[in-house]
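**Q** need a 3D model of the sequence below.
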Amino acid sequence: MTDLLPRPSAQSTGLVVSALLATPLLVGATLLGAASPAAAHAGLLSSNPASRAELETMPPEVRLTFNEEMNRPSYVTVTSPDGTVVAEGEGAVDGADVVQQVDDPGQAGTYRVDYRVISADGHPVEGALEFDVTTGDAVESGPVEQVTSSTWWWVGLVTLPWLALAALLLQRQRTRPTRQTHD
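**A** Below you'll find the model as predicted:
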């Protein structure tokens, strides 16, 4: 019995496998390259109060300044040292600034500012910062969680299916029985 389809050569199979293995690397490099400062989306330039600032009294507002215009909605939450939210909701957008009014709970300690804003190009920007107030009732502060980028999740979501396909093809090549042709 003869095969109806031509059998791929080892060289062409190697090229296909190489292409499958190289594709995730190229996609990953593209994603990481897109995150370079020149091509980056909006980011926080400064804040008032500044991150890690020590203030005598609670400011009446928190102002976040970004490197491009912001859109609505832009949410800012300010949490006091005891975990009480002293400001929450949509901040006022003024060009590249987002301003959130803050209540003074009269507590000394570390305040946390969490933000999720929408840049002019429509991309969400989120992060956190903290500042200290030195006047008021002493309250013990908890640790601040680090905000991390989700870039690696996207790299994994793009790369893993390609790696699984390459592994499947390699496994199939190893387990494929050789067919004998009879004339």
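
**Q** output the below-cut-off pLDDT ranges for this protein.
**A** By pLDDT under 70, the weakly predicted segments of the chain are 1-40, 139-160, 162, 176-183.

**Q** go again using 50 as the cut-off
**A** For the chain, applying pLDDT under 50 flags the ranges 34-38, 144-153.

**Q** buried ones in the longest strand along the chain?
**A** Once the chain is assigned using DSSP state E, the strand that runs over the most residues is strand 107-119. For strand 107-119, a neighbour-count test (16 or more other C-beta atoms under 10 Å) marks 107-115, 117-119 as buried. Any C-beta I mention is one placed from the backbone N, CA and C, and that applies to glycine too.

**Q** what does stretch 76-86 give?
**A** Neighbour counts over stretch 76-86 (16+ other C-beta under 10 Å) mark 76-81, 86 as buried.

**Q** what do you get for stretch 93-104?
**A** Quick answer for stretch 93-104 (16+ other C-beta under 10 Å): 93, 96-100, 102.

**Q** what do you get for stretch 47-59?
**A** Neighbour-count burial for stretch 47-59 flags 47, 49, 58-59 (criterion: 16+ other C-beta under 10 Å).

**Q** does Leu170 sit in a helix, a strand or a coil?
**A** Here Leu170 is recorded as helix under DSSP: H, G, I helix; E, B strand; the rest coil.

**Q** please apply the same query to Glu126.
**A** Judged by three-state DSSP, the three-state class of Glu126 is strand.

**Q** which residues touch it?
**A** Contacts for Glu126 (C-beta atoms under 8 Å, 6 or more residues apart in numbering) come out as 114-117, 147.

**Q** from the buried residues of stretch 47-59, which is closest to Leu129?
**A** Nearest to Leu129 among the buried residues of stretch 47-59 is Ser47, at 5.8 Å by C-beta to C-beta.

**Q** from Ala167, how far off is the closest one?
**A** Here the distance between Ser47 and Ala167 works out to 47 Å (C-beta to C-beta, to the nearest Å).

**Q** Gly122 now?
**A** 37 Å.

**Q** ok, these two, which is more surrounded?
**A** Higher neighbour count among Gly122 and Ala167: Ala167, with 13 against 8, using other C-beta atoms under 10 Å.

**Q** are we agreed that the more buried one is in a helix?
**A** Yes: the assignment for Ala167 is a helix, going by three-state DSSP.

**Q** how close does the nearest residue to Asp137 once chain neighbours are set aside sit to Val133?
**A** Leaving aside its sequence neighbours, Asp137 sits nearest to Gln107 (C-beta to C-beta, 6 or more residues apart in numbering; 5.2 Å). To Val133, Gln107 is 7 Å away according to C-beta to C-beta.
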